[in-house]
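Peer 1: Sharing a model prediction with you, sequence too.
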Number of protein chains: 2
Amino acid sequence: MLASKLMAARALVLLGCGWIARRHAAAARRLGIPLLAASRDLARARAFAREFGAADAFGAYEDAVRDPRAAGAIVCTPHDRHLRDALTALEAGLHVLVEKPIAPRLAEVDRMVGVADAAGRILMVAENFRFMPAFRHVHRLIASGRLGELRELHLVARGYRRPGGWRLDVGASGGGVLIDAGIHHVHNLRWWGGEPRRVFALAPPRTVALGGEDAVDLLAELPGGVVGFLSNSLGARGLPRVQWSTVTGTAGTSLADNRGRWVLLRGERGTRLSLFFRDTRGHLALLRAFDEAMRTGRAPEADGAAGRRDLAVVLAAYRSLAERRPVDVEC
Amino acid sequence: MLASKLMAARALVLLGCGWIARRHAAAARRLGIPLLAASRDLARARAFAREFGAADAFGAYEDAVRDPRAAGAIVCTPHDRHLRDALTALEAGLHVLVEKPIAPRLAEVDRMVGVADAAGRILMVAENFRFMPAFRHVHRLIASGRLGELRELHLVARGYRRPGGWRLDVGASGGGVLIDAGIHHVHNLRWWGGEPRRVFALAPPRTVALGGEDAVDLLAELPGGVVGFLSNSLGARGLPRVQWSTVTGTAGTSLADNRGRWVLLRGERGTRLSLFFRDTRGHLALLRAFDEAMRTGRAPEADGAAGRRDLAVVLAAYRSLAERRPVDVEC
């Protein structure tokens, strides 16, 4: 009975059953973590629960988070719902993993972090880039000095897509491509290059229906004069699918496949190709880290503060676009 | 006698016998254009003349430009000498082809253009990128609408080199990598994307001995809200040699090999690879254009005004680096 209760209290509640919830559900299943599926549409939650073998399905988030089997919640709702859904889970005593962006406004993140801290609960942002083996390899190359002193980071991820649903509503999404897909690369920029101090951004006229910009090009001043360039687009037709993130230092350059399957190191000591086959998108490692944080109470790598800093860079870029000038990143 | 005099008056005087003079000499030889070699070091001029079959060698530019066989001069001297060497040739009645940058200061270009105009002589900048078959192909793709409405240009050319000689002296070069190699890509940015209105540039700390910056990353506001990104470096270790310039429009993207051997068009109507085998660096076409301009009196494509506009973008970028703000490009 005790064992089964402990087992039961490991369950994760999925708040929202959209595309990204499917990724988390698949990862939870592989890790043997029990799931509870919640959607404001009960039929949708039930179908999702059947597909992913979730223990139960709920038509109201408030009910799901109070289920005694639940230990944590994963917030997979539109950006403008992250705060209230995270608070719903925190107030029910759950730990919370929130999809990126952690919220569309800094004040919302502060509220979320404050409530989690006061409740002694884990707050983590679902930044899978942080857990991708290829990107962790890049971080090790930088930290170990294999690239020498950093000089430039070029993070380019451009393609063509026509999103639908709430992403067309800037009130729900808080912006365009940068706050949605681009924030992953903002995280890498910070993680690899250090905290951006100042950013300058340009965006071409929007051609794809979207709540905000459909493309952005951004220069960032990083610590020590390192230069960051970040380019994201979902309005770029004809770009090859294989694209990579380039980190250049005084001793060499790493080129990391944006989909996490390889890293090429070229430098003074020759060329080395590293291939990655397992969990290339980091969803398993992300969920494992959340699970471990819940069990140990230790802050995970991608905590609320990290999510806040990613957001601060995005918002500085948006202000730069609006005011046509370089903008200091809020600390 | 008349025929031989006409033939003789086609000769080009090379002012300076350095690396780039060799490219022009090789092209002149292939085109059957007679050469006169001039260096302030007569022995160097003689060795050069022997190697490239030049008709004569001179130890003083003033003597070379007054040779009755000369019709034009190619100024291949350090940047800070371009004005005075161009004037020496113009004052002797010659047409002038000046290496890039046409000069390191706008006032110098204005003087050069004014003297050439007053003398009724051709003034051309040796911007070989303008004559590279691959880059002309890109321009045709844009002009024909194959890419749709332009959105973004990403012109990235980074590598590792340790220049020597006068390039270590900012007084002679007028700057670093951007005014030297980078200005080629500035020309493409303007040619393909239209006149930049405003630029913002960042440069990492210099690590390669050079008169100015050894790397630069630049965002440019182009007409119609098109975004230009230009990155040049000679302090980037480990970059692959194969790099390309990417032009993205609403209907597709062209990727042009920076060394001019191929252009890949990917778009709504499929993928098409164009290969280029002849005169890939455009030196023959450049010299042919200069020769034709001399014969017809018609302004060449890369005239003094074009050289001035390329320089204006470079100088705006330098001001942006110095003042840490976006800078309007001087018209």
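Peer 2: Perfect, thanks for sending it. Residues are numbered from 1 along each chain as shown, chains lettered A, B, ... in the order given.
Peer 1: and the gap between residue A:134 and residue A:243?
Peer 2: Computed as C-beta to C-beta, to the nearest Å, the residue A:134 to residue A:243 distance reads 13 Å. Backbone N, C-alpha and C define where each C-beta goes, glycine included.
Peer 1: Between those two, which is the more surrounded one?
Peer 2: Looking at residue A:134 and residue A:243 with other C-beta atoms under 10 Å in any protein chain shown, you find the greater number of neighbours at residue A:134, namely 24 against 16.
Peer 1: so who does residue A:269 touch?
Peer 2: Residue A:269 is in contact with A:146, A:252, counting by C-beta atoms under 8 Å, 6 or more residues apart in numbering or on different chains.
Peer 1: For the closest residue to chain B within the stretch 51-200 of chain A, give me the pLDDT.
Peer 2: Residue of the stretch 51-200 of chain A nearest chain B, by C-beta to the nearest C-beta: residue A:151 (4.2 Å). Looking at residue A:151, its pLDDT reads 98.
Peer 1: where does it fall, phi/psi-wise?
Peer 2: phi -130, psi -50 (degrees, to the nearest 10).
Peer 1: Number of residues surrounding the residue nearest to it when sequence neighbours are not counted?
Peer 2: Nearest non-adjacent residue to residue A:151, counting by C-beta to C-beta, 6 or more residues apart in numbering or on different chains: residue B:204, 4.2 Å away. Residues within reach of residue B:204, counting by other C-beta under 10 Å, total 25.
Peer 1: Show me the helices in the stretch 201-331 of chain A, by range?
Peer 2: A:283-296, A:304-323 (DSSP state H, counting those that start in this stretch).
Peer 1: just so I know, which of the ones you listed lies nearest chain B?
Peer 2: Comparing these by C-beta to the nearest C-beta, helix A:304-323 comes nearest, at 9.5 Å.
Peer 1: which secondary structure element contains residue A:186?
Peer 2: Using DSSP states H and E, residue A:186 falls within helix A:183-193.
Peer 1: which residues are contacting that helix?
Peer 2: So helix A:183-193 is in contact with A:100-101, A:127-130, A:135, A:138-139, A:142, A:150, A:153, A:155, A:157, A:178, A:196, A:220, A:222-223, A:226, A:228, A:230, A:232, A:245, A:247, A:302, A:306, A:309-311, A:313-314, going by C-beta under 8 Å, 6+ apart.
Peer 1: highest average neighbour count across the helices of the stretch 201-331 of chain A?
Peer 2: Most buried of the helices of the stretch 201-331 of chain A, by mean neighbour count (mean count of other C-beta atoms under 10 Å in any protein chain shown): helix A:304-323, with a mean of 22.
Peer 1: so who does residue A:291 touch?
Peer 2: Applying C-beta under 8 Å, 6+ apart, the residues near residue A:291 are A:10, A:31, A:33, A:72.
Peer 1: Reformat those into JSON lines and put neighbour count, distance to chain B and secondary structure next to each item.
Peer 2: What follows is these, written out as JSON lines (neighbours: other C-beta atoms under 10 Å in any protein chain shown; distance: C-beta to the nearest C-beta, whole Å; DSSP: H, G, I helix; E, B strand; the rest coil):
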{"residue": "A:10", "neighbour count": "18", "distance to chain B": "45", "secondary structure": "coil"}
{"residue": "A:31", "neighbour count": "15", "distance to chain B": "37", "secondary structure": "helix"}
{"residue": "A:33", "neighbour count": "19", "distance to chain B": "41", "secondary structure": "coil"}
{"residue": "A:72", "neighbour count": "24", "distance to chain B": "41", "secondary structure": "strand"}
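Peer 1: Name the helix or strand of chain A that has the lowest mean pLDDT.
Peer 2: helix A:2-8 (a mean of 46; mean pLDDT, DSSP states H and E).
Peer 1: for stretch A:261-278, what is the average pLDDT?
Peer 2: Rounded mean pLDDT across stretch A:261-278 is 96.
Peer 1: cool, and stretch A:154-164?
Peer 2: Rounded mean pLDDT across stretch A:154-164 is 95.
Peer 1: and if you look at stretch A:123-135?
Peer 2: 98.
Peer 1: next one: stretch A:24-33
Peer 2: On average, stretch A:24-33 scores 97.
Peer 1: ok so residue A:17 is a strand residue?
Peer 2: No - assignment of residue A:17 by DSSP: H, G, I helix; E, B strand; the rest coil gives coil, placing it outside any strand.
Peer 1: What's the local residue count around it?
Peer 2: Residues near residue A:17, counting by other C-beta under 10 Å: 26.
Peer 1: Relative to chain B, how far out is it?
Peer 2: 34 Å (C-beta to the nearest C-beta, to the nearest Å).
Peer 1: Phi first, then psi, for that residue.
Peer 2: Dihedral angles (degrees, to the nearest 10) for residue A:17: phi -120, psi 40.
Peer 1: That one is in contact with residue A:45, isn't it?
Peer 2: Yes - counting by C-beta atoms under 8 Å, residue A:17 does reach residue A:45; the two are 5.8 Å apart.
Peer 1: what is in contact with these two at once?
Peer 2: With C-beta under 8 Å, 6+ apart, residue A:17 and residue A:45 have common neighbours A:37-39.
Peer 1: Would you check how far apart residue A:188 and residue A:109 are?
Peer 2: Computed with C-beta to C-beta, the distance linking residue A:188 and residue A:109 is 19 Å.
Peer 1: and chain A, what are its domains?
Peer 2: Following automatic domain parsing, one finds the domains of chain A at A:2-127+A:283-300, A:129-280+A:311-328.
Peer 1: Same list (those domains) but as JSON lines, adding distance to residue B:86.
Peer 2: Putting the domains of chain A into JSON lines (distance: least, C-beta to C-beta, whole Å) gives the following:
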{"stretch": "domain A:2-127+A:283-300", "distance to residue B:86": "56"}
{"stretch": "domain A:129-280+A:311-328", "distance to residue B:86": "35"}
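Peer 1: my read: residue A:38 touches residue A:48, true?
Peer 2: No - contact criterion C-beta under 8 Å: residue A:38 and residue A:48 do not qualify, at 9.1 Å.
Peer 1: Those two: which has the busier surroundings?
Peer 2: In this view residue A:38 and residue A:48 are compared by other C-beta under 10 Å, and residue A:38 has more residues nearby, 34 against 23.
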